[in-house]
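Undergrad: Coordinates for the following, if possible.
(chains A and B)
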Amino acid sequence: MKKNSTVANTDLMQNITSLAKRRGFIFAGSDIYGGLANSWDYGPLGVELKNNIKQEWWRRFVQQRADVVGIDAALLMNPKVWEASGHLASFTDPLVECKTCHARLREDQLIDRTCLNCKGKDFTPTRQFNMMLKTYLGPSEESANTVYFRPETAQAMFVNFKNILDTNRPKLPFGIAQQGKAFRNEITPGNFVFRMREFEQMEIEYFVKEREWEKYFEHWLGEMKQWLKDLGVSEKKLHYVDIPDGERAHYSKRTVDIEYEYPFGQKELYGLAYRGDFDLKNHMQASGQDLRYTDTETQEKFLPHVIEPTWGVDRSVLVAMLEAYHEEDAPTAEEGESAKRVVMKFPAWLAPVKVAILPLSKKEELSKVAKPIFETLSKQFVCEYDETQSIGKRYRRQDEIGTPLCITVDFETLQDNAVTIRDRDTMKQERILVKDLAGEATKRLHV
RNA sequence: GCGGGUGUCGUAUAACGGCCAUUAUGCAACCUUCCCAAGGUUGAGAAGAGGGUUCGACUCCCUUCACCCGCUCCA
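TA: Alright, predicted model coming up:
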């Protein structure tokens, strides 16, 4: 089900891309050399935002859970992994293009060599599209081994399953989690950071007894919903799409796509799949290793089944930015005038900068007080110190990058040891004592 | 990869085969005890890249790169 993009939606996407560049969230990759297709670099604010997402995820799903452990595996894996997982076969599609309507079609799905789209019969020669990024391990190409960059992080969890069993003594149900880069030669990349050839994932392989899979499927669906809520994503733009029989991978009894209404259409954001014992079975067979789990009570040996929740990091950043973006009418210093205020209303935990310290002027008397405030608070929060231009301009600057709190040091501070603390969303100001600042900020930022 | 469109200071834009390439905003510095993009002065900053046509190219042509819109992609 595709939604039509409205003009406003197109504008929103442009605004986000432009703001990302202007304020240092995301830049075009290799910019000064004219770029490199579909590569994007995270700037100073973008990396904070992205790290906040990754850190919160890690805290929540690994550190705060007794039943999940983390790993960080190599990007390059033995090619046998990809043979066993099916990626080498299924990521290589024989494609042809219809010369009449330019539709791209899987050659093996053509009936009587007729275009499914326009009934044309004239096709370009068959081309093999391997989605996996190939490289060579060894000093010279000729003699070296061909290896592939991982197209997903998931296989590393299966490949390390035995190691985890042997070293961590886990009991079912338990999960292995990983965050990291993955690489795919996408046919149709694009839409900013939505689909890139190099991207970052957060995945959990959660191992359960077969008969319990539905229970834990629901559990992870609930966890993912809660996560999205905490990311600030509005429920009404989310769609939980149950993939029907026939469209699911053959080994999966249930798959839910979590889709989001992007400005360019409703498309996938996260995924949740029940993978059965497909992966472990394949790796057991291919490697010849015994990957079975031994039940602690019955001593029965069996392959656990897998629930796989998976999150896209870059898509999380994109969605967080889309949801946070607000334009408001705001009063200006001019009587009766109003101007557009751009505010990124990130949830406080997500904001790249938490507190801005703004001395009212550059006068040394003020910086003597303001600098120590910055030094104290920045031990706890990401802070910014800004003393250029008028105070109103600086508020707007902080609004545009989503800083929840601004602290203004003025000349009264020298007398009363108090400062103004200003809230991003309400623009309300309150005067509080300098010594209470750390506590007040902690309270307001819910950290 | 294919088809269509686009490419000018950080961002958004204007005009032009020939003056030092507009304008706004942002940015920097200074002045102003300045609390919601205030005012003043000053300053830095651009034709994606390469080639061709021409006395002269940002402008016309070619190549290339990138982005946007479409084509079974699921993070």
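Undergrad: Quick one: name the residues of the stretch 251-400 of chain A near RNA strand B.
TA: Contacts of the stretch 251-400 of chain A with RNA strand B, taken as C-beta under 7 Å from any atom of the strand, map to A:255, A:257, A:264-265, A:268-271, A:310-312, A:314-315, A:330-334, A:339-342, A:360-362, A:388-393, A:395-397, A:400. Heads up, the C-betas are built off the backbone N, CA and C, glycines and all.
Undergrad: quick one: contacts for the closest residue to residue A:206 other than its chain neighbours?
TA: In space, and not counting its chain neighbours, residue A:206 is closest to residue A:175: 4.0 Å by C-beta to C-beta, 6 or more residues apart in numbering. When contacts are counted by C-beta atoms under 8 Å, 6 or more residues apart in numbering, residue A:175 touches A:61, A:65, A:67, A:68, A:69, A:204, A:205, A:206, A:207.
Undergrad: Please flag which of these sit within strands.
TA: A:68, A:69, A:204, A:205, A:206, A:207 (DSSP state E).
Undergrad: and which of those is nearest RNA strand B?
TA: residue A:204 (11.6 Å; C-beta to the nearest atom of the strand).
Undergrad: Sketch out the strands for the stretch 201-350 of chain A, chain order is fine.
TA: In the stretch 201-350 of chain A, the strands defined using DSSP state E, counting those that start in this stretch lie at A:238-242, A:254-262, A:265-276, A:293-294, A:301-302, A:305-312, A:325-331, A:338-344.
Undergrad: mind putting the contacts of residue A:175 in TSV, pLDDT and distance to RNA strand B included?
TA: Formatted as TSV, those follow (pLDDT from 0 to 100; distance: C-beta to the nearest atom of the strand, whole Å):
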residue	pLDDT	distance to RNA strand B
A:61	97	15
A:65	95	20
A:67	95	22
A:68	96	18
A:69	95	20
A:204	97	12
A:205	97	12
A:206	97	15
A:207	97	19
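Undergrad: ok, so of the residues you listed, who is nearest residue A:148?
TA: Ranked by distance to residue A:148 (C-beta to C-beta), the contacts of residue A:175 are led by residue A:205 at 19.9 Å.
Undergrad: Before we move on, what's the pLDDT of the closest residue to that closest one other than its chain neighbours?
TA: Spatial nearest neighbour of residue A:205, chain neighbours left out: residue A:157 (4.1 Å); criterion: C-beta to C-beta, 6+ apart. Looking at residue A:157, its pLDDT reads 96.
Undergrad: What strand or helix carries residue A:157?
TA: helix A:154-159 (DSSP states H and E).
Undergrad: circling back: quick one: the residue nearest to residue A:206 from RNA strand B, how far?
TA: Remark: distance between residue A:175 and RNA strand B (C-beta to the nearest atom of the strand, to the nearest Å) = 16 Å.
Undergrad: so that residue sits in a helix?
TA: No - using DSSP: H, G, I helix; E, B strand; the rest coil, the assignment for residue A:175 is strand, not a helix.
Undergrad: Stretch A:25-43 vs RNA strand B: in contact?
TA: Yes - looking at stretch A:25-43 against RNA strand B by C-beta under 7 Å from any atom of the strand, the contacts come from A:28, A:34, A:35, A:36, A:37, A:38, A:39.
Undergrad: quick check, distance from that stretch to the centre of its chain.
TA: Taking C-alpha atoms, centre = their mean, to the nearest Å, one finds stretch A:25-43 lying 18 Å from the centre of the chain it belongs to.
Undergrad: Also stretch A:367-379?
TA: Chain-centre distance of stretch A:367-379: 33 Å, with C-alpha atoms, centre = their mean.
Undergrad: about what we covered before: tell me the buried residues within the residues of the stretch 251-400 of chain A next to RNA strand B.
TA: The neighbour count (16 or more other C-beta atoms under 10 Å) marks A:255, A:257, A:264-265, A:268-271, A:310-312, A:314-315, A:330, A:341-342, A:360, A:391, A:395-397, A:400 as buried among these.
Undergrad: Using the record's domain definitions, break chain A down for me.
TA: A:7-91+A:131-313, A:92-128, A:353-445 (automatic domain parsing).
Undergrad: any chance of those domains in JSON lines, with distance to residue A:321 too?
TA: Converted to JSON lines, the domains of chain A look like this (distance: least, C-beta to C-beta, whole Å):
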{"stretch": "domain A:7-91+A:131-313", "distance to residue A:321": "5"}
{"stretch": "domain A:92-128", "distance to residue A:321": "31"}
{"stretch": "domain A:353-445", "distance to residue A:321": "9"}
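Undergrad: Which one of these lies nearest to residue A:325?
TA: Minimum separation from residue A:325 across the domains of chain A (C-beta to C-beta) falls at domain A:7-91+A:131-313, 6.1 Å.
Undergrad: which parts of stretch A:422-433 are buried?
TA: In terms of neighbour count (16+ other C-beta under 10 Å), stretch A:422-433 has its buried residues at A:422, A:424.
Undergrad: and it with RNA strand B, contact?
TA: Yes - against RNA strand B, stretch A:422-433 shows contacts by C-beta under 7 Å from any atom of the strand at A:422, A:427, A:428, A:429.
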